[in-house]
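*Asks:* Okay, sequence plus prediction incoming.
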Amino acid sequence: MRRWETDPILTVDHLTMRFGGLVAVNNVSFTVGRGDVTALIGPNGAGKTTAFNCITGFYKPTLGRLALAHEAPPSPAELQALTANGQAGAKTENGALYLLERLPDHKVSAQARVARTFQNIRLFSGMTVLENLMVAQHQKLIRSGMMAPSALFNLPSWRRQEKEGVERALHWLEKVDLMARADDPAGDLPYGDQRRLEIARAMCTEPVLLCLDEPAAGLNPKESAALNTLLLSIRADYGTSVLLIEHDMSVVMEISDHVIVLEYGSKISDGTPAEVRSDPAVIAAYLGVDEDAVEAVEAEVGL
């Protein structure tokens, strides 16, 4: 079953991002299946990170619609109604619908429940490992009202919320095998542990869509295998949909349900890992040759 066709959580329609005269993403459309691990791949400069930044609210696209559906896909009429009325979100018959391009960046995370990590790790290195996971949950405390009487007077309801936040953080420390380092500064962790901590911090926000920017970058083979296990567990145990940018093809091909390939800002392939792996356009892009020359190059190098 191709969930990205039958039950998409994210539908990207005609996404275009221009920086002056530079077109970084050119009329790209794809879907992310609910409960799938979806990989966005391509050579350097293909537009992957720009597309990611549009989805996660860091850029506002020049053109295009980014529709995120909680619980179940909207009907065409519901999607059209939200698009036409100029609002950023609406309740649907079976859940909720958000147009990410209309949301301020902080609401992409807080309301639409899209979380992300970065290619360059962005932990609070001077804070402890546990404190990093508590900071991730500040939006929930703000929504509950940090100036509400329950917080100002430290009432039981407020203490219960704090306790739940600590329990959630400890759960994720256990999940990423960092419980023993809870009170250590995050900056003291080895690189691979910092990668896992960043994913745990994102998951503390309870996202429906987890966006990972090159999570395997800099990891050794053992750490990459542990990452694969963690991401598959996040999908299986929590139902979280995962969208990742990744250059490590062993990670992509092992855990992905769906792969989208970009080159020079345009989509050149879209399908299962097996379909993409054998696509001449993809092979040509990664070999740096014209599509017509793929067979000759493969023969020359013995593929």
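*Replies:* Sure, I can see it. Residues are numbered from 1 along each chain as shown.
*Asks:* show me where the stretch 101-250 of the chain has helices.
*Replies:* When secondary structure is read from DSSP state H, counting those that start in this stretch, the stretch 101-250 of the chain shows helices at 105-110, 129-135, 138-144, 149-152, 156-175, 191-203, 221-238, 249-255.
*Asks:* Redo the ones you listed as TSV? Include mean neighbour count.
*Replies:* Heads up, the C-betas are built off the backbone N, CA and C, glycines and all. Converted to TSV, these look like this (neighbours: other Cβ atoms under 10 Å):
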stretch	mean neighbour count
helix 105-110	18
helix 129-135	21
helix 138-144	13
helix 149-152	14
helix 156-175	15
helix 191-203	21
helix 221-238	16
helix 249-255	17
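*Asks:* Quick check: which of those is nearest to residue 54?
*Replies:* helix 105-110 (10.2 Å; Cβ to Cβ).
*Asks:* distance of the one residue sitting closest to the centre of the chain from residue 71?
*Replies:* Residue closest to the average C-alpha location in the chain (Cα atoms, centre = their mean): residue 211, at 0.9 Å. The gap separating residue 211 from residue 71 is 19 Å, by Cβ to Cβ, to the nearest Å.
*Asks:* what's the answer for residue 118, then?
*Replies:* 28 Å.
*Asks:* Can you pick out the residue with more neighbours from the two?
*Replies:* Neighbours were counted for residue 118 and for residue 71 using other Cβ atoms under 10 Å; residue 118 has more, 17 against 14.
*Asks:* Pull the contacting residues for the more buried one.
*Replies:* By Cβ atoms under 8 Å, 6 or more residues apart in numbering, residue 118 lies in contact with 198, 213.
*Asks:* what's the burial count for the spatially closest residue to residue 266 that is not a sequence neighbour?
*Replies:* Among residues not flanking residue 266 along the chain, residue 26 sits closest, at 5.0 Å (Cβ to Cβ, 6 or more residues apart in numbering). Residue 26 sits with 17 neighbouring residues when counted by other Cβ under 10 Å.
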